[in-house]
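>>> Whatever this is, show me its structure:
(chains A and B)
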Amino acid sequence: MTASTLTPAPVAPAAAQPGRRVRRRRENLAGYVFLSPWLLGLLGITAIPMLISLYLSFTDYSPLIPLTEANWIGLENYRRMFTADQSYWHAVQVTVTFALVAVPLKLAAALGVALLLNRTMRGISVFRGLFYLPSLLGGSVALAIVWVSMFNRDGAFNSFLALFGIEGLPWVNDPDWALSTLILLAVWQFGAPMVIFLAGLKQVPTELYEAASVDGASPWRKFVHITLPMLSPVIFFNLVLETINGFQGFTSAFVLSNGTGGPVDSTLMYTLNLYIAGFVDLNMGYASAMAWVFLLVIGAITVVLFSTGRFWVHYSDNEER
Amino acid sequence: MEPITRAGTPAQRTTRRRLLAAALTVPLLLGAAACGGDDDGGSGGGTELSVFWWGAEKRAELTDKALALYSQKHPGVTFKKTWQGNQGYFDKLATLTAGGNAPDIFQLDDNYISEYAARGVTLDLTEYTGNGKLDVSKFPESLLKYGEVDGKLAGVALGENTQGLVYDKTLLKKNNLPEPKTGMSWEDFISWAADVSKKSKLPGTQDPSAVYQALWVFLRQNGKDLYAGKQLGFDEADITKWFALWKGARDKGATPTPDVIHEGNASDVSKQLVATGKAGTSWVWANQMPELKKSTDNELGLIAYPGDTSAQWARASMYMSAFRGSKHKDIAVDVINFLANDPEAGQILGTDRGLPPNLDVRKQVAATVEDPNMKQTIAVMDELGKKYGPNAPTVPPQGHSKVRSELIRVAEEVIYGRQTPEQGAAAFVAAAKAAIGAS
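Presented below is the predicted three-dimensional model:
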C-alpha cells in the first residue's frame, strides 16, 4: 500500500534484441491468459455493470423496462438528490452518525480485546476463537433477527434490566434508540479487526518493552509510546477497512426494519435508501445516481484518510521512505 | 515482480501449453454454461410455465392443487412454481423482470399493477376476452374493470375482497365486553376500544393512522377519495382530521404504545396485532380473516370498518397477470382462465385470495365451504356487498405503493409524537403528490 510497492521494477532497456521482445510479448500473453478468469470476472461482473449503472444514473430507467427504453434525463437524478429529496439527506445523516460512532467504538473494542488476548496463557486460543465467533456470523440475517428479539420490548435485554427493577424501552422499535442497537450490533462484531490487531501486537519487538521496563515506564506509557506507534500501520489499515464497511452497512438495518428503514426512518442507512429507491420504488436510474455519489464520497473519504495517515502512521522501515 | 524465466526442455513446454489451454477453456466453459441455462423450451414435447405468487403456506398448497388439476386435464403442461411471503415479493419480481426472466404467470395487486401495466410488462388481455379464450362473462363488472389500466386489461382478479375489521372474540367474552358492530361511528368505536383497554388490560384496537385502506374509507365517508384519476382526492384538512381522530384515541388509551403500533404496521398478515395477541382489533381485508386465525387460538370476529359501510367497495384483492414476453402466452391465458372460472379449481382455491371472481363459482363455493372462518368471511362480504355505494374507486395510479409507504412513515411520525397532526398532514400531502407525480 506504500508508494514504493507501486513503482515498477527497473526494466531492462527496451529494444535490446528483437528476439527477446517477441519472447517477452509471448510471456505477457501467457500472463494475461492466466489472469483471464479473474479478468473476465472483473469486466463481466464489476466493470461493465458499473459503467452501465453510470449510464443509467442519467436516465429514468425502471427495472420493468428494457435498458434500451430508458430515457436520457441528464443531471435530473442528481439535481433531485441534492435539492429535492429530503429522505436522501436524512439517510446521509443516519449513515454518517452510524459510521462516526460505530467505527471508533468497534476499533477500540477490537484493540482492547486484542491487548487482553495478547498473552501466553493456557487455553488462550479458545478465548480468541470465542471472541472471533460473532464475526464469523458476519452480516448474517439470522444474527440481526436474534438482535431484534433481544432488544424488543419483551426481549432478553429488558428481562435482564428487570432484574434490577429497571423498565426497559422497546429499543429496536423506538426511533430514538433503533440506530443505537444497530451500532451495538456492529461493535459486537469486532472479531476481524481484533485478529489483525493481535497479529500486529505480536510483531512489536519485546526488546522495546524490556528497555522501557528497565527505564521504569508505567504500563500506560508503554502502551502510548510503544504499542500505539508500533501498531499504527495496523490501526490505519483497520480504520480504512472499517470506515468503508461502516458506510456500507445494510443487512442489519434491512432486517431490523423489515426493509423500510423505520421506525420513522431512524435506521434508513444510505444503502437501504438506495435499495428502496431501486427495488421498491423502481427508480433504478435514481438509485444508480445514488450509488455513484456514494462511491465517489467513500473514495474521497479514503483518500483523506490516506493523506492524514502521513502524520500519524509510523512505519518502522523508515529509512526506505 | 520477478520476470518468469523460460525453462528449456520440450516436455516442460508442452505442459505449459496444456496449462495455457486449460486456463483459456475454463472461463469459456463457465460462460457457456451460464448461457445454457436460458433456453429450456419443450423438452420431451411438454410445456413448462413458470408461476410466481406471494402468500402463506396454505395458499401455496391450494394453488399447487389447482395447478396440478390443470396439468391433469392438459397433459404436457407442467408448472415451475415459486412462492414466498409478501415481503420481498415485488423486489424479486422486479429483478426477474429486469433480467428478462419474468415468470409466465405472476400475481399482482393494486399496489403495483399500474406500474407493471404502464411499463408494458403485463400482457394486454383484452383481445382474449373478445375471442373467448378468457371468459369474464360471469365476473361482476366492477371487478373486471378494476384490472384495467389505461384501457388495457392488465390482470384478471382472482379474488374479491373489501375492508374488514377483525376482533378477538375470546378476549371480549372473557371480560364480558360487548362485540363491536358494523355501522358503529368512528367515535363510538374508539370509546368501545378504550373501554376494552381499560377492562381487559389489552389495547382495544390497532391504531390505523398508517393503514391506507382505513384512511381511504374514512375519506370516502367524507365525500373525498384517495385518488381522483391521477391526482390526489383529498387535501391537508382531511388528513389533519384523520390524524387528530387517532391522536384522540391514543390519548384515551384505545390503542397500544407507538412501538407496538409500529410492529403492527408490518405488511405480513401474521404480524397483525390481533394475531400476535397485542391488541383486540386489527384493520385488514375480509379475506385475510382465516389466515389470521392460524396465528391465534382465540376466536375471531369480522365486521366492516366503522362509519357508513357504503363507502367500502369490492376490490380485486389479487390479480393473475401474464408476461407480455412469455413464449407461451396462449397457454398462460388459458391457465388464468382456468383458475378464475373452472368450478373445480374454484372449489380448491376457496376464498383464500378473496371471494371467487366468477359469480357462479362463488355461489357454489359459498354453498359448500366448510372452514367456519371462510364461512364467516363470505357471510360478512355478502352482507356488505348489498350496501356498496356507487362510484367504486378505479385501480390506483402509478406511485400508489410509494403513497402507502409515505403514509406509514408520516403517520408514525405523528404516532411517536414527533409531529402534530397538522404537520403530519402537510408532510403527507406533499409526499403523496410527489409520489404519484414523479413516477
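
>>> Sticking with residue 90, tell me its helix or strand.
Chain wasn't specified; assuming chain A. helix A:86-117 (DSSP states H and E).

>>> was after chain B, sorry
Assigned by DSSP H and E, residue B:90 falls in helix B:89-98.

>>> Which other helices and strands does that helix contact?
On a contact count with 3 or more CB pairs under 8 Å, 6 or more residues apart in numbering or on different chains; DSSP states H and E, helix B:89-98 meets strand B:47-54. Where C-beta positions appear, they are placed from N, C-alpha and C, glycine not excepted.

>>> Each with direction, which strands does the strand it packs on pair with?
strand B:77-84 (parallel), strand B:105-108 (parallel) (DSSP bridges).

>>> distance between the shortest one and the chain's centre?
Think strand B:105-108. Remark: strand B:105-108 is offset 11 Å from the chain centroid, using CA atoms, centre = their mean, to the nearest Å.

>>> any residue of whatever helix or strand comes next after it up close to chain A?
Downstream of strand B:105-108, the next assigned helix or strand under DSSP H and E is helix B:113-118. Yes. Legend: contact between helix B:113-118 and chain A by CB under 8 Å from any CB of the partner chain is shown at B:115-116.

>>> What lies in contact with helix B:113-118?
Residues outside helix B:113-118 that contact it (CB atoms under 8 Å, 6 or more residues apart in numbering or on different chains): A:62, A:64, A:282, B:97, B:108, B:122, B:147, B:149-150, B:152, B:154-155, B:319, B:321, B:395-398, B:400-401, B:439.

>>> Export only the CA atoms of that helix, formatted as CSV.
Only the C-alpha atoms of helix B:113-118 are listed here, as CSV (Å, rounded to 0.1, in the frame of the first residue of the first chain):
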residue,chain,number,x,y,z
ILE,B,113,-50.5,-3.3,-11.3
SER,B,114,-50.5,0.2,-12.8
GLU,B,115,-46.7,0.2,-12.6
TYR,B,116,-46.4,-3.1,-14.4
ALA,B,117,-49.1,-2.3,-16.9
ALA,B,118,-47.7,1.2,-17.8
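
>>> Check which helix or strand residue A:249 maps to.
Counting by DSSP H and E, residue A:249 is found in no helix or strand.

>>> What does it show for phi and psi?
Main-chain dihedrals, residue A:249, degrees, to the nearest 10: phi -50, psi 130.

>>> Same check on residue B:320?
phi -110, psi 130.

>>> Break the chain down into its domains, please.
Here I'm looking at chain A. A:15-47, A:84-320 (automatic domain parsing).

>>> you looked at the wrong chain, it should be chain B
Chain B breaks down into these structural domains: B:48-159+B:315-385, B:163-312+B:399-438 (assignment by automatic domain parsing).

>>> ok, back up a step: so for the helix holding residue B:90, what gets flagged as buried?
By neighbour count on 16 or more other CB atoms under 10 Å in any protein chain shown, the buried set for helix B:89-98 is B:89-91, B:93-94, B:96-98.

>>> And for it, what's in contact with it?
With CB under 8 Å, 6+ apart, helix B:89-98 has contacts from A:63-64, A:279-280, A:282, A:284, B:52, B:54, B:84, B:102-103, B:106, B:111-112, B:116, B:121, B:401.

>>> just the buried members of those residues?
For those, a burial check counting by 16+ other CB under 10 Å picks out A:63-64, A:279-280, A:282, A:284, B:52, B:54, B:102-103, B:106, B:111-112, B:116, B:121, B:401.

>>> for the chain, which spans come out with low pLDDT?
If you meant another chain, say so; for now it's chain A. A:1-18, A:138-139, A:316-321 (pLDDT under 70).

>>> wait, I meant chain B there
B:1-45, B:438-439.

>>> OK, contacts around the residue positioned nearest the centre of it?
The residue lying closest to the centre of chain B (CA atoms, centre = their mean) is residue B:109, at 4.9 Å. Residues near residue B:109 by CB under 8 Å, 6+ apart: B:316-319.

>>> same deal with residue B:172?
Residue B:172 touches B:178-179, B:196, B:200, B:280, counting by CB under 8 Å, 6+ apart.

>>> For chain A, what's the nearest residue on the stretch 101-250 of chain B?
Nearest residue of the stretch 101-250 of chain B to chain A (CB to the nearest CB) works out as residue B:119 at 3.8 Å.

>>> Wait, that residue touches residue A:62, no?
Yes. Using CB atoms under 8 Å, residue B:119 is in contact with residue A:62, at 6.1 Å.

>>> who has more neighbours, those two?
Neighbour count, other CB atoms under 10 Å in any protein chain shown: between residue B:119 and residue A:62, residue A:62 has more, with 23 against 19.

>>> Quick check: nearest residue in space to the more buried one, chain neighbours excluded?
Sequence neighbours aside, residue A:282 is the residue nearest to residue A:62 in space, at 4.7 Å (criterion: CB to CB, 6 or more residues apart in numbering or on different chains).

>>> In three-state terms, label the one you found for me.
coil (DSSP: H, G, I helix; E, B strand; the rest coil).

>>> if we can go back for a sec, show me what the following helix or strand past the helix holding residue A:90 is packed up against.
Downstream of helix A:86-117, the first helix or strand assigned by DSSP H and E is helix A:124-136. Counting contacts by 3+ CB pairs under 8 Å, 6+ apart, helix A:124-136 is packed against helix A:86-117, helix A:191-203.

>>> Identify each buried residue in the shortest one, please.
Judged by neighbour count using 16+ other CB under 10 Å, the buried positions of helix A:191-203 are A:191-198, A:200-201.

>>> same deal with the longest one?
Neighbour-count burial for helix A:86-117 flags A:87-88, A:90-92, A:94-95, A:98-99, A:101-103, A:105-107, A:109-111, A:113-115, A:117 (criterion: 16+ other CB under 10 Å).

>>> In contact with the closest residue in space to residue A:97 that isn't next to it in sequence, which residues?
Excluding its sequence neighbours, the residue lying closest to residue A:97 (CB to CB, 6+ apart) is residue A:179, at 6.6 Å. Residue A:179 makes contact with A:94, A:97-98, A:266-267, according to CB under 8 Å, 6+ apart.

>>> Identify, from the residues you listed, the entry nearest to chain B.
Nearest to chain B among those, with distances taken as CB to the nearest CB, is residue A:266, at 9.5 Å.

>>> thought the closest one was touching residue A:176?
Yes. Using CB under 8 Å, residue A:266 is in contact with residue A:176, at 7.5 Å.
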